[in-house]
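Q: Provided below are the primary sequence and the corresponding predicted coordinates.
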Amino acid sequence: MQKNSRTLDKFHDGDTLNSPEGRLVKNLRAKKQKPSIFIGCSSEAHHIAREIQSFFNKSLFEVDTWKMSIFGGMHKDGTTLTISEHLKNFTDIYDFAIFLFVPDEEIQTKTRIIAGTQKVAESKGVKHNVIFEFGMFLGRLGAKRSIVLYHNGQEVRDFIELFFTDLKDDIGSPINDTKITNSFKLELYPFEGEYVDYINAEGTKEHSFNNDNLKKIVTDLQKKILKTQNEVDISFLPSTSLAFGYYNNFIKRLYEALKVLLKSNTDLKKLETDNRDISELILKKKEVIFYIIIPKKISEAKYNSIDKFKDKGFLVDKSLGVQKGRPVTIYVGKNGLSQTSEKLEIYDFPTTITSSIDAIKMVNKDKDIRELLAEKEKRNFIKVMESILAKNGTKIKNKNTIFRIEFIDLAKFKRQAEIWVTKQ
């Protein structure tokens, strides 16, 4: 029977599976700030994984192999997590995953016959653990974020042709006229080396990979990963949908109201008093800025978060609406209400993003993983909003007034409010 290569103990090469601090997320702060990458492989190929890890720019990426102290933590009752539980958590923790497909196993079958022959299929193959983990990450992170580096010898190709036929179109001989499109494309990269000779050698072993080739692959991967990290994600967590909802239900209505006000000759006398007053004031300003307040943590964007700034007198709520439909409630900086001020500032907390917290609580019970997922949700919400605004416009201009939309972090907003309150 094959020895289990995932027992939670120390290994001869100095690596350890167990997290020394007993937490489920290693280097939580770094993983909140940089794209994080998990490298999965067999024990025999771990020297390649470590080399790959060493090639990544440490200031831009947080990279862990499966043997680098990332297993750890316990249930509340003190029992340890199973390996499958750890792996599930890793799919929440890491932004990307790289798997090494190398010919470690001898695989034979009594039932599969090679086409056109009477021979039963046999080949060297990739370990089942590695295939299983690749599938877990592929299902959770998607094709762009689940990357395979495969040994370019014939052995891995034979394994896929004969046994792992789901990848045949991507790495082997395409079936019929199958066309690989960019709409769904697995990230597969061959690397050069003599892995079979390495496995079969006794005593001192030479490297099983071409160092320059592997370094070039990692250089290309770094560019691709950074590009993918900046793209909008459609994930099973709700930040993407919440961003679209926030835009459609609030920002779009505000934008359209201001566009009508600034671009057409609206009869303001027909408006309600409060609506008319703010509309007249906007038309007198040289600059109107709508600030979307981004909190440090999404839990800070609670529905009543803005109330204390109203209580201090910095913000007042107004109704704006010159088109058909319900007026939009906005929060205006009081410093812009005077007739002498040339600028009016409008603020809003995207409180809708706090719904992500409830979804995250359903997904994972660990405090650190929840914190990490919340940070990812916040980043993705901002990316989606930036994408929507870039597509639909952030500025309106007439001969007197310019309107624009900007993001402002909560700390800066608080400083602005405190300065104004102090002067009163």
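A: Alright, I've got the coordinates.
Q: quick check: mean pLDDT across stretch 32-51?
A: Confidence for stretch 32-51, expressed as mean pLDDT, is 94.
Q: repeat for stretch 239-257
A: Averaging the model's pLDDT scores along stretch 239-257 yields 92.
Q: Going along the chain, name the strands of the stretch 51-200 of the chain.
A: Per DSSP state E, counting those that start in this stretch, the stretch 51-200 of the chain has strands spanning 62-65, 68-71, 96-101, 105-113, 120-125, 146-151, 187-191. These are given in chain order.
Q: would you turn those into JSON lines with mean pLDDT?
A: As requested, the strands of the stretch 51-200 of the chain are arranged in JSON lines below (pLDDT from 0 to 100):
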{"stretch": "strand 62-65", "mean pLDDT": "96"}
{"stretch": "strand 68-71", "mean pLDDT": "83"}
{"stretch": "strand 96-101", "mean pLDDT": "96"}
{"stretch": "strand 105-113", "mean pLDDT": "74"}
{"stretch": "strand 120-125", "mean pLDDT": "76"}
{"stretch": "strand 146-151", "mean pLDDT": "92"}
{"stretch": "strand 187-191", "mean pLDDT": "88"}
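Q: In JSON lines, list these along with mean neighbour count.
A: All C-beta spots, glycine's among them, are computed from the backbone N, C-alpha and C. Listed next are the strands of the stretch 51-200 of the chain as JSON lines, based on neighbours: other CB atoms under 10 Å:
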{"stretch": "strand 62-65", "mean neighbour count": "22"}
{"stretch": "strand 68-71", "mean neighbour count": "20"}
{"stretch": "strand 96-101", "mean neighbour count": "26"}
{"stretch": "strand 105-113", "mean neighbour count": "12"}
{"stretch": "strand 120-125", "mean neighbour count": "19"}
{"stretch": "strand 146-151", "mean neighbour count": "24"}
{"stretch": "strand 187-191", "mean neighbour count": "17"}
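Q: Next, format the ones you listed as a markdown table and append distance to T401.
A: As requested, the strands of the stretch 51-200 of the chain are exported to a markdown table (distance: least, CB to CB, whole Å):
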| stretch | distance to T401 |
| --- | --- |
| strand 62-65 | 45 |
| strand 68-71 | 54 |
| strand 96-101 | 45 |
| strand 105-113 | 70 |
| strand 120-125 | 68 |
| strand 146-151 | 49 |
| strand 187-191 | 48 |
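Q: nearest to K399, of these?
A: The closest of the strands of the stretch 51-200 of the chain to K399 is strand 96-101. By CB to CB, the value is 49.7 Å.
Q: Report the residue spans of the stretch 151-300 of the chain with pLDDT below the cut-off.
A: Low-confidence regions of the stretch 151-300 of the chain, defined by pLDDT under 70, span residues 172-184, 202-207, 266-274.
Q: Which residue ranges of it form helices?
A: In order along the chain, the stretch 151-300 of the chain carries the following helices (DSSP state H, counting those that start in this stretch): 154-162, 168-171, 195-200, 211-229, 239-246, 252-263, 273-284.
Q: Any idea which of these gets closest to G142?
A: With respect to G142, and counting by CB to CB, the nearest of the helices of the stretch 151-300 of the chain is helix 211-229 at 9.4 Å.
Q: Brilliant, that's me finished.
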